[in-house]
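Peer 1: here are the coordinates; sequence isn't available:
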């Protein structure tokens, strides 16, 4: 990572940056029956739920889980309970990555302001901020469900920058999706892709080290 100093803030995505996010693992975890479901059937369930535009509408905050569940059950009527469980268990499937959390704490202790910019449905965002302490270390979180915008729309990045009075050239943004990183760079943020959840903590520590050194 080539950072341009000074670094004044660190902006983090949630999925596969702060928390693990795996649609396939959620498909298995949400299965209501006993035993291991067949992989091909898990793929069908994921395609009927997470891979649909309804999922993006949940993230955008223009659709409720209840409506999304009914639509998905109509698309894939083989197991209504499994379909519902996908939506209900999604928040708890977002398990914080221990090394990321440890690095976030180091950033907080060093005085580096933390922000969140994430596509996230309302019920999941509420769950995370209620149940995981690391989210209380954040100065401000922009969630797509609240502002009705989604990454990689440039408008959501400008919304964060304006709302938090940030100087984008001095902010570092980490996201797992290349299109989101590219959009952030178009908004003048220093943006880098977190390609592996195992390396996010190290990326954050490098940013913290630069922040400490400049101060």
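Peer 2: Perfect, thanks for sending it. Worth saying up front: this structure is predicted, and the values here are computed from it rather than measured.

Peer 1: excluding its backbone neighbours, what's nearest residue 56?
Peer 2: Spatial nearest neighbour of residue 56, excluding adjacent residues (C-beta to C-beta, 6 or more residues apart in numbering): residue 150 at 6.5 Å. Where C-beta positions appear, they are placed from N, C-alpha and C, glycine not excepted.

Peer 1: contacting residues around residue 72?
Peer 2: By C-beta atoms under 8 Å, 6 or more residues apart in numbering, the contact list for residue 72 reads 48, 49, 52, 54, 83, 86, 87.

Peer 1: helices of the protein, residue ranges please.
Peer 2: Counting by DSSP state H, one finds helices in the chain at the ranges 23-29, 39-48, 53-60, 65-75, 80-93, 98-110, 122-131, 144-147, 154-163, 178-186, 200-214.

Peer 1: who wins for proximity to residue 1 among these?
Peer 2: For those, proximity to residue 1 was assessed by C-beta to C-beta; helix 200-214 is nearest, at 5.8 Å.

Peer 1: centre of the chain to the closest one, how far?
Peer 2: Its chain's average C-alpha position is 20 Å from that of helix 200-214, according to C-alpha atoms, centre = their mean, to the nearest Å.

Peer 1: tell me, how many residues neighbour the residue nearest to residue 56?
Peer 2: If you count neighbours by other C-beta atoms under 10 Å, residue 150 ends up with 17.
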